[in-house]
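Peer 1: predicted model follows, preceded by the sequence.
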Amino acid sequence: MKPRFHCLKLAALLLPLTVAPVIAASAESWRVVAVVDGDTLALEDGRQVRLAGIEAAKPPRHAAADDGRPWPLAKAATAALSELALGRVVTPRGAVLVDRHGRLLAHLLREDGLWLQAEMLARGHARVHTRPDARAFAAEMLATEGGARNAQRGLWRTRVYALRPADPDALARDRDSFQIVEGRVLRVTKTGGEAYLDFGADWRTDVTVHIARPAMRDFAKAGIDPLSYEGKRIRVRGWIGLRSGPMIEANHPEQIERLEGGAATAPPPPSPQPPRSAPAVRPPDTAPDAHPDAHLEEEDPE
């Protein structure tokens, strides 16, 4: 087993695993009186609601509110959501949750039936970012995101949000950031109730997707055996951590999309590599510097 992350912020990894309380959905409608950012609204009753299942373009986490620097993608996302929702009446679609900040977490339909999440994705102002307790409508959202990406709309025109290949050196520079990664799974290992999807021959340095025991139950409920990913091209989205090589924790099945069913090169025969229970830690003082693009916006090229 690869040892624990030494550089991934554990809060970013663990908090999404916390199941949020559920408020039963009803015919209740809310009026939007303000737009906080590209995926957060303020309601007439004083509450805030976060658009479930997506993440809009935003300034980097460490950007000061008064630094005067423009963040065009974040500004465009906020403007788009304002156009779509400000002053409008919205109704929850499906269950309503409460996140760790006390905000409502919901899919929202406008009074005319427009689904806000789908529209923001279609315009290229957001990416799909589901969580274990907020996975509803993932297939529809992923299809809509794919259309915007293929058309190079909005954030998909920038290298900051571009799909990442499963290259260990490049992804190591993207550590501590949410990325969408594509590659062919060379080998799948199931051990101790967990699964590891390896994109290279040496799990100690290559890119890996880890499916922990609790998530394995959700994969089983979805009828997915992780072994079925072996030899297949997949797209996986999640936080990049360093656990020997770059690793993404897949804590629910919707994080992984199978791209096509072509066979890969046969997995190499067993080698004298140490078993996964043997630690293989990259010393913190030799870890590469953070990628300069991580969590940064980029000016639109036009």
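Peer 2: That came through, no problem.
Peer 1: where does Leu97 sit: helix, strand or coil?
Peer 2: strand (DSSP: H, G, I helix; E, B strand; the rest coil).
Peer 1: need the pLDDT of it.
Peer 2: pLDDT for Leu97: 94.
Peer 1: surely it meets Leu104?
Peer 2: Yes: here Leu97 reaches Leu104: they are 7.3 Å apart, a contact under Cβ atoms under 8 Å. Where C-beta positions appear, they are placed from N, C-alpha and C, glycine not excepted.
Peer 1: what residue ranges in the stretch 151-300 of the chain score low on pLDDT?
Peer 2: 261-300 (pLDDT under 70).
Peer 1: just the helices in it please.
Peer 2: 168-173, 213-221 (DSSP state H, counting those that start in this stretch).
Peer 1: adding distance to Gly146 and mean neighbour count, write these out as TSV.
Peer 2: TSV is the format used below for these (distance: least, Cβ to Cβ, whole Å; neighbours: other Cβ atoms under 10 Å):
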stretch	distance to Gly146	mean neighbour count
helix 168-173	21	18
helix 213-221	22	14
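Peer 1: so which of these gets nearest Phe199?
Peer 2: Between Phe199 and the helices of the stretch 151-300 of the chain, the tightest spacing by Cβ to Cβ is seen for helix 168-173, at 8.1 Å.
Peer 1: which strands or helices does that closest one pack on?
Peer 2: When contacts are defined as 3 or more Cβ pairs under 8 Å, 6 or more residues apart in numbering; DSSP states H and E, helix 168-173 packs onto strand 245-249.
Peer 1: show residues contacting the strand it packs on.
Peer 2: Residues outside strand 245-249 that contact it (Cβ atoms under 8 Å, 6 or more residues apart in numbering): 2, 5, 13, 168, 171-172, 174-175, 181, 200, 203-210, 212, 236-241, 255.
Peer 1: just the buried subset of those residues, please.
Peer 2: Buried members of the contacts of strand 245-249, scored by 16 or more other Cβ atoms under 10 Å, are 2, 5, 13, 168, 171-172, 174-175, 181, 200, 203-210, 236-241, 255.
Peer 1: so which of those belong to strands?
Peer 2: In this view, the buried ones among the contacts of strand 245-249 that belong to strands under DSSP state E are 181, 208-210, 236-241.
Peer 1: would you convert the residues you listed into JSON lines that also reports distance to Ser29?
Peer 2: As requested, these are exported to JSON lines (distance: Cβ to Cβ, whole Å):
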{"residue": "Val181", "distance to Ser29": "39"}
{"residue": "Thr208", "distance to Ser29": "45"}
{"residue": "Val209", "distance to Ser29": "40"}
{"residue": "His210", "distance to Ser29": "41"}
{"residue": "Val236", "distance to Ser29": "37"}
{"residue": "Arg237", "distance to Ser29": "32"}
{"residue": "Gly238", "distance to Ser29": "34"}
{"residue": "Trp239", "distance to Ser29": "35"}
{"residue": "Ile240", "distance to Ser29": "39"}
{"residue": "Gly241", "distance to Ser29": "41"}
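Peer 1: all helices for the stretch 1-150 of the chain, in order.
Peer 2: Taking DSSP H, counting those that start in this stretch as the criterion, the stretch 1-150 of the chain carries its helices at 10-14, 72-85, 116-122, 138-150.
Peer 1: name the nearest of the ones in strands among the buried ones among the contacts of strand 245-249 relative to Leu81.
Peer 2: Nearest to Leu81 among these, with distances taken as Cβ to Cβ, is Arg237, at 21.4 Å.
Peer 1: quick one: residues contacting that closest one.
Peer 2: 127-129, 178-181, 248, 255 are the contacts of Arg237 under Cβ under 8 Å, 6+ apart.
Peer 1: coming back round to it: let me know the closest of the ones in strands among the buried ones among the contacts of strand 245-249 to Ala77.
Peer 2: Distance to Ala77, by Cβ to Cβ, is smallest for Arg237 among these, at 18.1 Å.
Peer 1: with that, I have no additional questions.
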